[in-house]
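1. Got a predicted model here, sequence first, then my questions.
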Amino acid sequence: MIELRDALRCMQQALQNQSPFLWLTASNEIHALLVGDGHKKPAIPNIISLFSSMQKHFKNLATKHPEFEKKLIQACHEVATSAEKIRSSTSSSIDFLNADAWLTAYRDSVRKQDLLGHKLSLPQLIHPFWHNSEHAQQLYSIIEPMIQAIEHLNTMLHAHVPWQQRTAHAGYDQITLAAQDDIGLVIIGVPEQAVAQGIVPSCSGFRAVIRLRFSQWSPGKVEHDITHNQTYALMAVPIS
C-alpha cells in the first residue's frame with residue numbers, strides 16, 4: 001500500500017512540475033504494482049484485504065463501544081467506498097498502461113538496463129511526446145479514484161496508530177520491540193527542516209531490535225553520520 005501510495009504521489013508531483021521522466025518512472029512503478037512484475041506481486045489484493053481488515057476492526061470496536069457506534073459504522077461505510085474506488089479504477093488503469101506504446105517502450109528499456117531509453121531514442125522523443133501533458137492528464141483522470149482511496153486509507157491508519165516522539169542521541173537510537181508486539185511495519189518520521197538539510201535515517205538489525213542511524217547527504221560530498229542529537233517520530237504499525 002505504501003509503495004503504491006508513493007508511486008501515485010510521484011505521478012502527481014510529475015504533473016505539477018511538468019516532469020516527463022518522473023511521470024514515466026512513476027507510471028512504470030504503478031504498472032508493476034498493479035499487474036505484478038518480476039519480484040513484485042500485484043498490490044491490489046493485499047490493499048483490498050487491508051480495507052477488509054479495517055472494516056472488521058471498526059465493527060469490533062462498535063460492538064465494544066456502543067457510544068461510538070454511529071461514527072464507527074460511518075467509518076466502515078467510508079472504507080467500503082474507498083475499496084470500491086480501488087476495484088473500479090484498477091481495471092481501466094491497467095488497460096491504459098498496457099495499451100500505451102510510450103510506456104511499453106519505457107518498460108522494455110528498463111528491463112534491458114537502458115534506464116533512459118537511449119536505444120529507443122526516448123530522450124530525443126520525450127518533449128514531442130509530452131507536449132502539453134494531455135496524455136499524462138488522461139491517465140491521471142483514470143487513476144484519480146485510486147489516489148483518493150489510498151490517501152483516505154493512509155489517513156485512517158495515521159489516525160489509528162499514534163506517533164511516538166523520540167531522540168537519536170549523537171545521531172543513533174535503538175528501537176526494541178517487545179516479543180508480544182505484533183508489529184508489521186515501522187515508520188520513521190523526520191522533521192521537515194532536517195530533511196531540507198539532507199538528514200536521512202537508515203535502519204539495520206532484525207525484528208526485535210532495530211538500530212537507527214541518521215546521516216547527512218550533501219551535494220558533492222560523501223555521506224557522513226551526524227553527531228548531534230536528532231529528534232524524530234516513530235510509528236509502529238501492528239499487523240492486526
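-> Sure, I can see it.
2. Of all the helix elements in the chain, which one is longest?
-> For the chain, the helix with the greatest residue count under DSSP state H is helix 69-99.
3. Show me what counts as buried in the helix or strand following that helix.
-> Helices and strands here follow DSSP states H and E; after helix 69-99, the next one along the chain is helix 101-111. For helix 101-111, the neighbour count (16 or more other C-beta atoms under 10 Å) marks 102-103, 105-107, 109-110 as buried. C-beta: built from backbone N, CA, C; applies to glycine.
4. that older thread, could you check the angle the longest helix of the chain makes with helix 101-111?
-> 90 degrees (axes from the mean of the first three to the mean of the last three C-alpha atoms, to 10 degrees).
5. Can you list the buried residues in helix 69-99?
-> So, applying 16+ other C-beta under 10 Å, buried residues of helix 69-99: 72, 75-76, 78-79, 82-83, 85-86, 89-90, 93-94, 96-97.
6. and it, what other elements does it pack with?
-> With contacts taken as 3 or more C-beta pairs under 8 Å, 6 or more residues apart in numbering; DSSP states H and E, helix 69-99 sits against helix 20-35, helix 44-64, helix 134-160.
7. Let me know the angle separating the longest one from helix 101-111.
-> In this case it means helix 134-160. 70 degrees.
8. what does the first one give?
-> With the same axes, to 10 degrees as the criterion, the two stretches helix 20-35 and helix 101-111 enclose an angle of 80 degrees.
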